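Trainee: need a structure here:
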Amino acid sequence: MKTHPGYILAVLMQFVVSTSMTLAHPGSGIVVDSKGWVYFSEAGDPAQRLPGSIWQINAQGKFTRLKIGGAHYLALDTKRSFAQSNLSAWFGERVTPWLQLADTPDATLIQADGQPLASHRDGSLYYAKRNVEVVRLTPDGKQETIVPKLEAAVEKLGGIKGLAFGLDDNLYLACPGAIVRVKADRTFSIVAHPIAVPDCDAEFPPETPQSHSPFLRGLAVDASGTIFAAATGCRAVVKISPDGKSSIVMRAEAPWSPTGVAVRGDDVYVLEYEHPHSQNKVDWRPRVRKLARDGKVTTLVTLPTAQSRPVTPQPN
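Mentor: Next up, the predicted model:
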């Protein structure tokens, strides 16, 4: 069957618009595997000859570049469910977002631009299409919108900025000023809105409505159902209980601010960037800090500034 050119253009524009919504900020992709190895994504800026990378921090604290070519979001696929050839083919057909794989000793990383994503333990991948609806992608390429009525609700909340699964199979969505929970039965509810951040050291993007503070980005959920979210606009990490009560568990000093969160056991791993709302991508320098159960904060790595790094060749 011949596909109408107008349909192809419409689908392509959908990807362009969705990507443009997310390219104006640094990445929020950070995950931690069963061995305690941490991976985070740096989107980079090809115009500045900084192509971006996926970075790895092993259990001994040594950090290395795992892969040249970064993106905004990361998911950890412990089942190694997807093949790159399939992902590339689906993207070439304009039916899925741009998705790339990177192998690790313990799992496969899935990186994406344009939409937040999360892996389910059954091997399926969930992503926020157009940042307003959640789509499930199975390893055999089947897709479905899991909650059709969700779109109108999250659009009013400013769109989906982060996705994370809990151990109870509930899917959690971070919107700029709210947390939404989608249950396994595909019903959804707002866990917390508005989310107040006391003594917010505000640095919101110029176009952000005040109702979208504290501009939540990446999030993670621990075994008890407690949610940890990066309040990028307030330089803080917010802890939200299952009943919606919020508190601040960690702050960053200016010009740093958190963008992504991962959880392993009682430890919270936080991806932070310098000047995350700057329009100059060279200002975006990442670091990773760990918040322990006793409240101790440890800096695991701070990358050199873009200007001080050697020129890295572009990936093929």
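Trainee: going forward, measure contacts and count neighbours with C-alpha atoms only.
Mentor: Noted.
Trainee: what sits against H193?
Mentor: By Cα atoms under 8 Å, 6 or more residues apart in numbering, the contact list for H193 reads G177, A178, I179.
Trainee: number of nearby residues for R293?
Mentor: 11 (other Cα atoms under 10 Å).
Trainee: show me what contacts it?
Mentor: So R293 contacts D266, D267 (Cα under 8 Å, 6+ apart).
Trainee: all the helices of the stretch 51-200 of the chain, in order from the start?
Mentor: 84-92, 150-156 (DSSP state H, counting those that start in this stretch).
Trainee: packing partners for the first one?
Mentor: The reference is to helix 84-92. Identification of packing neighbours for helix 84-92 by 3 or more Cα pairs under 8 Å, 6 or more residues apart in numbering; DSSP states H and E yields strand 99-103.
Trainee: buried sites along stretch 149-163?
Mentor: Neighbour counts over stretch 149-163 (16 or more other Cα atoms under 10 Å) mark L150, E151, A153, V154, L157, G158, G159, I160, K161, G162, L163 as buried.
Trainee: list the contacts of that stretch.
Mentor: 115-118, 127-128, 131-133, 171-178, 188, 212, 216-220.
Trainee: identify those among the residues you listed that sit within strands.
Mentor: 117-118, 127-128, 133, 171-175, 178, 188, 216-220 (DSSP state E).
Trainee: ok so, going back, so which of the helices of the stretch 51-200 of the chain is nearest R287?
Mentor: When the helices of the stretch 51-200 of the chain are compared by Cα to Cα, helix 84-92 sits nearest R287, at 28.8 Å.
Trainee: taking the mean pLDDT, what do you get for the closest one?
Mentor: On average, the pLDDT along helix 84-92 is 97.
Trainee: neighbouring contacts of that helix?
Mentor: T96, P97, W98, L99, Q100, L101, G141.
Trainee: in PyMOL, how would I select the buried members of the residues you listed?
Mentor: Filtering these down to the buried ones (16+ other Cα under 10 Å) takes a single PyMOL command:
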select buried, resi 96+97+98+99+100+101
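Trainee: any chance of the contacts of helix 84-92 in CSV, plus pLDDT?
Mentor: Shown next, in CSV, are the contacts of helix 84-92 (pLDDT from 0 to 100):
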residue, pLDDT
T96, 95
P97, 95
W98, 95
L99, 97
Q100, 96
L101, 97
G141, 96
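Trainee: lowest-scoring secondary structure element of this protein by mean pLDDT?
Mentor: helix 5-20 (a mean of 36; mean pLDDT, DSSP states H and E).
Trainee: check which element follows it along the chain.
Mentor: Towards the C-terminus, the helix or strand next in line after helix 5-20, according to DSSP states H and E, is strand 30-32.
Trainee: helices and strands around that next one, which ones?
Mentor: Partner elements for strand 30-32 (3+ Cα pairs under 8 Å, 6+ apart): strand 38-42, strand 73-77, strand 256-264, strand 267-274.
Trainee: distance to N280 and mean neighbour count for those - can I get that in a markdown table?
Mentor: Below are the helices and strands packed on strand 30-32 laid out as a markdown table (distance: least, Cα to Cα, whole Å; neighbours: other Cα atoms under 10 Å):
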| stretch | distance to N280 | mean neighbour count |
| --- | --- | --- |
| strand 38-42 | 15 | 28 |
| strand 73-77 | 20 | 27 |
| strand 256-264 | 15 | 27 |
| strand 267-274 | 11 | 25 |
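Trainee: can you put those strands in CSV and add mean pLDDT and distance to N58?
Mentor: CSV is the format used below for the helices and strands packed on strand 30-32 (pLDDT from 0 to 100; distance: least, Cα to Cα, whole Å):
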stretch, mean pLDDT, distance to N58
strand 38-42, 96, 7
strand 73-77, 97, 15
strand 256-264, 97, 14
strand 267-274, 97, 13
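Trainee: how about those in JSON lines, adding distance to A83?
Mentor: JSON lines is the format used below for those (distance: least, Cα to Cα, whole Å):
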{"stretch": "strand 38-42", "distance to A83": "20"}
{"stretch": "strand 73-77", "distance to A83": "11"}
{"stretch": "strand 256-264", "distance to A83": "25"}
{"stretch": "strand 267-274", "distance to A83": "28"}
